[in-house]
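Visitor: Return a 3D structure for these sequence lines:
(2 chains)
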Amino acid sequence: MGTPAVRIGVVIVDDHPAVVDGVRAWCARAGIDVVAAGAEAAVAHRGPGAGADAVVFDLQLGAGPAWDDLTRLADEGRRVVVYSQHADSETALRCVELGAATYLTKAEGHEHLIPAIRAAVEDRPYTPPVLGGAMAADPRPDRPALSEREREVLLAWFSSDSKQLVAQRFHLSVKTVDTYIARVRIKYADAGRPAGTKAALVARALQDGLIDLAGL
Amino acid sequence: MTPVERELSARLHRGLRVARTVIVVAILLGLDLPNLVAGSAAYTPGWVGYAGWAVLVVVAVADAVLVARQRFWGAVRWVAAAVVLGVAVVMSAAVVPGELGGPAHITLGVIGWFGVLLFSRLGELVGFLVLHLGLMVGFLVAAGRTDQVTLVAFGILAVGVTSFQLAVGIAGSALTAVARQAATAAAQEAESRTAEELAAVVHADRESRYSQVRAVALPLLERIAGGSAAPADPQVQRAAAAAAARLRRMFAEEGDDRDPLRAELAALIDIAERRGVGVQYAQRGEPPVPPPEAAQDLLAAAGTALHAARAAARVTLAGVDGAVVVGVVTDGTPGPVAPAGPEVRTATVVGDGQTWVEARWAPQR
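Guide: Numbers count the residues shown, from 1 in each chain, chains lettered A, B, ... in the order given. Coordinates of the predicted model:
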């Protein structure tokens, strides 16, 4: 993934100053501009935050999960990268269903936050291992139908956190592993609540040849 | 009432119920029938006396059948009580005013006994008796027999008969209380017996685990003490870490943890972290609880991989479609994973400077 011609600007919504500082540092190293940061979702709706390409969003603002704020951002077509200390599957899957571009736990940030922001801005799917695990182990009866291979690959991705190791184990190329993981994300996008960001995700996946219309 | 209380109460009440049935049948056949025959002229028309008596016999027989089958009237008791009171009203209305309270007015004495048969709760019985006596007083007043002599005679009769009926009713309530106490005592005894048996099982389990520890930790300590194993030797260090993990697991199990696999995995991670390894842990899905041998195999695979970790490791636990999958990725080179039983499959992938060990248990279908 080369450096894009136009610089990426993100807004950080998080009520822990230490987390904001950490994300700022990662972004600075990656050449991503942090245009605004604040402890409330409002910071993403006004001033420079309103024009940010992506929103790094801490789900746990104040009392409980900020579902309403997340829904509003998704409805406005904002690309939201949920970055939460919540590690349970239900929360992860709900975020994706509400229209978040992706979901990662704070433990995964070090490795996955910057690639996740880049992917979100390009409307490309990005599934960090823990979100992959949540999809592979999704117990709900109305979950999207995954093929046996897709589930295996996703579970292995969760287990190993290395596409290289997954590829070696199943004798696939890393690109094929990527395709399996991306396809599952698209299936979830297609199954969930309609949101502008999801349509963009599916459209992009069609263009990239990750899926075809018959596969949906 | 708990089922045990109900059972005990039913058993204790059975004798009392048989006695009550005998009393009622004896009164109906031995006392009331001769009085009816002798005083049939007291009723107009005359057949009302016999018809009412016959209805009462039917109710008494129905009760006798229930007693024999160890069943109760239940909600039907209200219907039966209404029928019995109806009989009392119809018969009392048919009695010529002069015979009210006399020997031929058989309902006066016997109706209260039906209350005893039908109502096991004292409050209901008292209500029934009061209602019946009230109706009878009403008939006396309507017949104009409010003279002192009649009322006193009626009062003596009412108090005499009713006190018998109440005494039998109270005996029933007392038995219920006794049954409840007996049931509580029985439940307590059962509870303490269960606790004793549980303690015995826990003790046996601990004994077996101590013997495991003796087998794993003692020989190693003896070898180190004897000088045949050097503490600086990485192999010895690994064996010591494994033994320490065992010990910690054993202590972890002291708690009443319902999921030993998760507890032991946490213990393994703790050991690695104490060595300065950064461990990332994640769990997905609801892993079922595998049988102990399978859990030991899963943990053995995870332990082998974790002991080899140098600076970083990733440990995952996943439950997918009834299977349990434990995965460990390390930056070290673990020794060969011990062969697992038939229910646990392990896979090792080396690449990218890392080693990924996965062990999966799935219930045999």
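Visitor: Would you mind listing what in chain A touches chain B?
Guide: A:87, A:89, A:105, A:107, A:129-130, A:133-134, A:136-137, A:139, A:151, A:155-156, A:158-162, A:164-165, A:168-169 (CB under 8 Å from any CB of the partner chain). No exception for glycine: its C-beta is placed from N, CA and C like everyone else's.
Visitor: Now restrict the residues you listed to buried residues only.
Guide: Buried members of the residues of chain A next to chain B, scored by 16 or more other CB atoms under 10 Å in any protein chain shown, are A:87, A:89, A:105, A:107, A:129-130, A:133-134, A:136-137, A:151, A:155-156, A:158-162, A:164-165, A:168-169.
Visitor: And the strands in the stretch 201-350 of chain B?
Guide: B:278-284, B:312-320, B:323-330, B:344-351 (DSSP state E, counting those that start in this stretch).
Visitor: pretty sure B:Leu33 contacts B:Ala54?
Guide: No - the pair B:Leu33 / B:Ala54 is not scored as a contact, 10.4 Å apart, by CB atoms under 8 Å.
Visitor: rewinding a little: in helices only, show me the buried ones among the residues of chain A next to chain B.
Guide: Members of these lying in helices (criterion: DSSP state H): A:89, A:129-130, A:133-134, A:136, A:151, A:155-156, A:158-160, A:164-165, A:168-169.
Visitor: Give me the spatial nearest neighbour of A:Ala39, chain neighbours excluded.
Guide: Spatial nearest neighbour of A:Ala39, chain neighbours left out: A:Asp15 (3.9 Å); criterion: CB to CB, 6 or more residues apart in numbering or on different chains.
Visitor: I'd guessed that neighbour sits against A:Ala41; true?
Guide: No - counting by CB under 8 Å, A:Asp15 sits too far from A:Ala41 to count as a contact (10.6 Å).
Visitor: which of the two has more neighbours?
Guide: A:Ala41 (20 against 13; other CB atoms under 10 Å in any protein chain shown).
Visitor: can you pull the contacts of that one?
Guide: By CB atoms under 8 Å, 6 or more residues apart in numbering or on different chains, the contact set of A:Ala41 is A:13, A:57, A:61, A:66, A:69, A:72-73.
Visitor: go again using 6 Å as the cut-off
Guide: By CB atoms under 6 Å, 6 or more residues apart in numbering or on different chains, the residues touching A:Ala41 are A:13, A:69.
Visitor: For it, give its distance to chain B.
Guide: 27 Å (CB to the nearest CB, to the nearest Å).
Visitor: Pull up the gap between that residue and A:Val184, please.
Guide: 29 Å (CB to CB, to the nearest Å).
Visitor: since we're on residue 52, how many residues are nearby?
Guide: In the absence of a named chain, this looks at chain A. The tally of other residues near A:Ala52 (other CB under 10 Å) stands at 22.
Visitor: oops, chain B please
Guide: 24.
Visitor: can you map out the helices along chain A?
Guide: Going by DSSP H, chain A shows helices at A:17-30, A:67-75, A:89-98, A:109-121, A:129-136, A:148-160, A:163-170, A:174-191, A:196-207.
Visitor: Buried by neighbour count: which residues of the fourth one qualify?
Guide: The one in question is helix A:109-121. Quick answer for helix A:109-121 (16+ other CB under 10 Å): A:109, A:112-121.
Visitor: Who are the packing partners of that helix?
Guide: strand A:54-57, strand A:79-84, strand A:102-105 (3 or more CB pairs under 6 Å, 6 or more residues apart in numbering or on different chains; DSSP states H and E).
Visitor: Using PDB, write out every CA atom in that helix.
Guide: Written as PDB, here are the backbone C-alpha positions of helix A:109-121 (Å, rounded to 0.1, in the frame of the first residue of the first chain):
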ATOM      1  CA  GLY A 109      -4.000  -1.200  17.800                       C
ATOM      2  CA  HIS A 110      -0.200  -1.300  17.700                       C
ATOM      3  CA  GLU A 111      -0.200  -3.600  14.600                       C
ATOM      4  CA  HIS A 112      -3.600  -3.000  13.000                       C
ATOM      5  CA  LEU A 113      -4.800   0.500  13.600                       C
ATOM      6  CA  ILE A 114      -2.900   2.300  10.800                       C
ATOM      7  CA  PRO A 115      -3.600  -0.300   8.100                       C
ATOM      8  CA  ALA A 116      -7.300  -0.300   9.300                       C
ATOM      9  CA  ILE A 117      -7.500   3.500   8.800                       C
ATOM     10  CA  ARG A 118      -5.900   3.300   5.400                       C
ATOM     11  CA  ALA A 119      -8.200   0.500   4.300                       C
ATOM     12  CA  ALA A 120     -11.300   2.400   5.600                       C
ATOM     13  CA  VAL A 121     -10.400   5.500   3.700                       C
END
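Visitor: tell me the mean pLDDT for it?
Guide: Average pLDDT, helix A:109-121: 90.
Visitor: now do the second one
Guide: Throughout helix A:67-75, pLDDT has a mean value of 89.
Visitor: what about A:His16, how many residues close to it?
Guide: A:His16: 13 neighbours (other CB under 10 Å).
Visitor: Let me see the confidence value for it.
Guide: 86.
Visitor: ok, it - contacts?
Guide: Contacts of A:His16 by CB under 6 Å, 6+ apart: none found.
Visitor: Now do the same contact list for the residue lying closest to B:Ser9 once chain neighbours are set aside.
Guide: Nearest residue to B:Ser9, sequence neighbours excluded (CB to CB, 6+ apart): B:Ala179, at 3.6 Å. Contacts here follow CB under 6 Å, 6+ apart; on that basis B:Ala179 touches B:5, B:8-9, B:12.
Visitor: re earlier: farthest pair within the ones in helices among the buried ones among the residues of chain A next to chain B?
Guide: The distance between the two most remote of these (CB to CB) is 26.7 Å, for A:Ser89 and A:Gln168.
Visitor: Find the closest residue to chain A in the stretch 101-250 of chain B.
Guide: Closest contact between the stretch 101-250 of chain B and chain A, by CB to the nearest CB, is at B:Ala245 (20.9 Å).
Visitor: Based on its surroundings, how many neighbours for that residue?
Guide: 23.
Visitor: my read: it touches B:Leu268, true?
Guide: Yes - shown here, B:Ala245 and B:Leu268 form a contact pair, counting by CB atoms under 6 Å, at 5.4 Å.
Visitor: Please enumerate the shared neighbours of those two.
Guide: B:Gly303.
Visitor: Nearest residue to A:Asp208 in space, please, no chain neighbours.
Guide: A:Arg124 is the one closest to A:Asp208 (CB to CB, 6+ apart), at 7.4 Å.
Visitor: residue contacts, B:Leu16?
Guide: B:Gly172.
Visitor: any idea which element it lies in?
Guide: helix B:3-26 (DSSP states H and E).
Visitor: So which bits of the following helix or strand past that helix are buried?
Guide: Remark: after helix B:3-26, the chain's next helix or strand is helix B:33-38, criterion DSSP H and E. Across helix B:33-38, burial judged by 16+ other CB under 10 Å covers B:35-36.
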